[in-house]
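J.: Turn this into a model:
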Amino acid sequence: MAVIGVDLGGTKITGALFNEEGDMLCQTTHLLEKRKGHEVGLLVLQTINEVIEQSKYRRDAIEALGICVPGIANSKTGLIWAPNIDGWENYPLQKEIEEHFSNDKLTIDIASDRTCYILGEKWKGAAKNAANAIYLSVGTGIGAGLLIDGNIVHGEGDVVGAAGWLAMETPFVEEFERYGCFESYASGDGIARQAKKILKEGLLFQESEFYKKEIESLSAKDIFAAVHNDDPLAMFIIDKAIELWAMASANLVSLLNPEVIIWGGGVFGPAAHLINRIYEEASKWAQPIAIKQVKFEKSILQGNAGLYGAGYLALTSIKNKPSIE
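T.: A predicted model of the protein is given here:
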């Protein structure tokens, strides 16, 4: 049995062939560069074709495709909303793939990146033995993949897991409308925006090294690097992020009672050493029995979580497909 997983991100796309045991047999990657709309759709098809060519399998021997997308995959309409890809407000990716393959036996499943992240960790990562697990992806934005009682949670319109919009502070400000409260302070882009805002006001942390640098080029990576130099502005920004990561995870622990919360995404490269500190802070806020039952873990798969999740999505779609007598 062979399936293809495709991980489409905001900047690149990776496709791979998996066997039933989860071994990655071949892989190909492309940068999106300046592609948008239908151009990105064509790149998805090209990536799938290249994986098949590399694999030496016949085209009709591929039983299923799993696609991880950076946004909302509506399972009822087959349309994709991906805010980081121009022209993908309601993109008909499912239809394009079906027309490209014209194979009634091929199963095609498309899911949000946060859903694929938790599926990947369930298959090959930190949630392997868990029935209740949460993947908190903290990168450009913040999303939560939810595995509850052994099932992926989707919600009415597959919007579930939009954790960046967790309301955690008053008063409401205009920034929250665009990014969400949690994301405004604790995503990678949010961390950079908060630093820029303080620097432009010019009233606090005058001894910060960032007053000597170009403000607009500032990134979360710069903030984390400056923490190691005890820069007061960087420490203030990261302390605030830790507080919100802790409060958000405490809320999720109290509400959903998971066995493990897995921290991943681009930010939890440099922030991985903060996980124990986040747990300690979360323990102040969370339901006291539930917080003792949960572990906070770093993602094992990291950048490959979405790709493995897409492969697992394809594999489970075959296993769950009703047999035809």
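J.: Please report how far residue 288 lies from residue 267.
T.: Remark: distance between residue 288 and residue 267 (Cβ to Cβ, to the nearest Å) = 28 Å. Every C-beta, even on glycine, is put in place using the N, C-alpha and C of the backbone.
J.: Neighbour count: those two, which is higher?
T.: More crowded of residue 288 and residue 267, by other Cβ atoms under 10 Å: residue 267, with 27 against 8.
J.: Spit out the contact partners of that one.
T.: Residues near residue 267 by Cβ atoms under 8 Å, 6 or more residues apart in numbering: 138, 139, 187, 188, 191, 220.
J.: Need the max-distance pair from these.
T.: Of all pairs drawn from the contacts of residue 267, the greatest distance, 11.0 Å, lies between 139 and 191 (Cβ to Cβ).
J.: Comparing these two, which shows the higher neighbour count?
T.: residue 191 (27 against 20).
J.: There's contact between that one and residue 241 in this structure, I believe.
T.: Yes. Using Cβ atoms under 8 Å, residue 191 is in contact with residue 241, at 5.8 Å.
J.: residue boundaries of the helices in the stretch 1-150 of the chain?
T.: For the stretch 1-150 of the chain, applying DSSP state H, counting those that start in this stretch gives helices covering 38-55, 93-101, 113-124.
J.: Give me the distance between residue 264 and residue 141.
T.: Taking Cβ to Cβ, one finds residue 264 at 13 Å from residue 141.
J.: ok, these two, which is more surrounded?
T.: The neighbour comparison of residue 264 against residue 141 (other Cβ under 10 Å) goes to residue 264, with 30 against 26.
J.: pLDDT score assigned to the more buried one?
T.: On pLDDT, residue 264 comes in at 97.
J.: and it, what is it in contact with?
T.: 117, 121, 135, 136, 137, 138, 298, 299, 301, 302, 305.
J.: one more time with 10 Å, if that's ok
T.: For residue 264, the contacting residues are 114, 117-118, 120-121, 125-126, 135-139, 145, 272, 297-303, 305-306, by Cβ atoms under 10 Å, 6 or more residues apart in numbering.
J.: The residue lying closest to it once chain neighbours are set aside: neighbour count?
T.: Leaving out its chain neighbours, the residue that sits closest to residue 264 by Cβ to Cβ, 6 or more residues apart in numbering is residue 299, at 3.3 Å. Residue 299 is flanked by 24 other residues according to other Cβ under 10 Å.
J.: quick one: contacts for residue 299?
T.: The contact partners of residue 299, taken as Cβ under 10 Å, 6+ apart, are 117, 120-121, 125-127, 135-137, 262-265, 268-269, 272, 305.
J.: Just after the lengthiest helix in the chain, pick out the following helix or strand.
T.: Ranked by residue count, the top helix of the chain under DSSP state H comes out as helix 232-256. Per DSSP states H and E, helix 232-256 leads on to strand 260-264 as the next helix or strand towards the C-terminus.
J.: Put the alpha carbons of that next one into CSV.
T.: Output of strand 260-264 as CSV, limited to C-alpha atoms (Å, rounded to 0.1, in the frame of the first residue of the first chain):
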residue,chain,number,x,y,z
VAL,A,260,0.0,16.0,26.3
ILE,A,261,0.3,19.5,24.8
ILE,A,262,2.9,19.5,22.0
TRP,A,263,4.6,22.8,21.2
GLY,A,264,5.7,23.2,17.6
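J.: Quick check: neighbours of it in the sheet, parallel or antiparallel?
T.: Partners of strand 260-264 in the sheet, by DSSP bridges, are strand 133-138 (parallel), strand 295-298 (parallel).
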